[in-house]
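Engineer: predicted model follows, preceded by the sequence.
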Amino acid sequence: MSKGRFVCFLLLPILVLLFPAMGMAQVHAVDKGDSIYKISQWYNVSQYALRYNNNLWSNAIYTGQQLNIPTRYAAQKGDTLYLIGKKFGVSSSSIKEINQLKSELIYPGQVLYIPQYKSQNISGNASPGAGAPSNNFNVSRGGPNFKTGDFDLLARIITAEADSESYVTQVAVGATVLNRVDSASFPNSIPGVVYQVDQAGKYQFEPVLNGWINKPASESGKKAARDALNGWDPSNGALYFFESWVPNKFLQSRPVSKVMDAFTFTY
């Protein structure tokens, strides 16, 4: 064991004793066969937090790439997002974003992800900004321009959810995701909506949980994503969709927008 590693080994338990509520920062070197899904499972962090922390809004990672694992911090009595941000040297808004918080309210014992420095992107250039890809994907739909990574993610969720359905239904699934982006009740970005975790700790979309979201988008999914981004909404403004046979009281209690193939779309 080198002298440097020996010193780090001795310091680690001391740091843990000094900062019991603070998780140690970790860096993961991507190995052959790794994926965002596998890495998030390995370190027990959300995919959204891992992606945000490293500015990764597509599935493109390469062997040897250094990914910063989000630090986990247990909120203490008297903590606020502002004070936690000062403690770690990050903005309170970035803590709110990486944890997909709806408000500034936090409680003692709540485990929060703390954003770290972003890794380098595929081209080797430093990643810009707080979790936002650099290339714009201009579309005719209202609101701010979406990004190229947003397009790929939208195409992948369409593929994972509805690749076996008709093309119109695929577009409706994409439109429903975008309707959530436009709604004040949901995160205001495509990654935020797709990787959203509810207050019970459940993912909103099953493909994020089972890893299907990490599969490449089909050509049909890409085309449907483009049509949805360009304003076509066969769902008639729906905010939810589910397979009609699923016995979910919450979803089945909502006003129905449209039934298409195996899916019911609701408000």
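Structural biologist: In hand now; what should we look at? In this text the structure is predicted, and so the values were computed from the model without any measurement.
Engineer: need the contact list for the closest residue to K77 other than its chain neighbours.
Structural biologist: The shortest distance from K77 to any non-neighbouring residue, by CB to CB, 6 or more residues apart in numbering, is to P108 (4.7 Å). To be clear about C-beta, it is placed using only N, CA and C from the backbone, and glycine gets the same treatment. If you count contacts by CB atoms under 8 Å, 6 or more residues apart in numbering, P108 has them with 75-77, 79.
Engineer: redo those as CSV? Include secondary structure, pLDDT and neighbour count.
Structural biologist: Output for the contacts of P108, formatted as CSV (DSSP: H, G, I helix; E, B strand; the rest coil; pLDDT from 0 to 100; neighbours: other CB atoms under 10 Å):
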residue, secondary structure, pLDDT, neighbour count
A75, coil, 93, 18
Q76, coil, 92, 15
K77, coil, 92, 7
D79, coil, 94, 18
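Engineer: greatest separation within the residues you listed: which pair is it?
Structural biologist: A75 and K77 (8.3 Å; CB to CB).
Engineer: surely G237 is in contact with Y267?
Structural biologist: Yes: the pair G237 and Y267 qualifies as a contact (CB atoms under 8 Å) at a distance of 7.0 Å.
Engineer: would you mind listing the residues touching both of the two?
Structural biologist: Common neighbours of G237 and Y267 (CB under 8 Å, 6+ apart) are S257.
Engineer: domains for the protein, by residue range?
Structural biologist: In the assignment given by automatic domain parsing, the structural domains of the chain cover 19-114, 136-266.
Engineer: count the residues that sit near Q41.
Structural biologist: Under the neighbour criterion other CB atoms under 10 Å, Q41 is assigned a count of 12.
Engineer: what's the helix or strand for it?
Structural biologist: Using DSSP states H and E, Q41 falls within helix 36-43.
Engineer: before we move on, back to that, now, of the domains of the chain, which is deepest in the fold?
Structural biologist: domain 136-266 (a mean of 18; mean count of other CB atoms under 10 Å).
Engineer: mind listing what the residue nearest the centre of the chain touches?
Structural biologist: Geometric centre of the chain, nearest residue: Y48, 2.7 Å, by CA atoms, centre = their mean. Shown in contact with Y48 (CB under 8 Å, 6+ apart): 98, 100, 191-192, 195-197.
Engineer: bridging residues for the closest residue to N248 other than its chain neighbours?
Structural biologist: Nearest non-adjacent residue to N248, counting by CB to CB, 6+ apart: F242, 6.2 Å away. Here F242 sits in beta bridges with T264, going by DSSP bridges.
Engineer: ok, F242 to V173 distance?
Structural biologist: Going from F242 to V173 by CB to CB, to the nearest Å gives 11 Å.
Engineer: overlap in contacts of these two?
Structural biologist: With CB under 8 Å, 6+ apart as the test, F242 and V173 both reach F263.
Engineer: please enumerate the strands of the stretch 101-250 of the chain.
Structural biologist: Taking DSSP state E, counting those that start in this stretch to define them, one finds strands in the stretch 101-250 of the chain at 111-114, 136-137, 146-147, 240-243.
Engineer: where does the stretch 1-150 of the chain dip in pLDDT?
Structural biologist: For the stretch 1-150 of the chain, the stretches flagged by pLDDT under 70 are 1-25, 117-146.
Engineer: do that again at 80, thanks
Structural biologist: 1-25, 57-58, 116-148 (pLDDT under 80).
Engineer: now do the helices in the stretch 1-150 of the chain.
Structural biologist: For the stretch 1-150 of the chain, helices defined by DSSP state H, counting those that start in this stretch occupy the ranges 3-18, 36-43, 47-54, 81-88, 92-98, 148-162.
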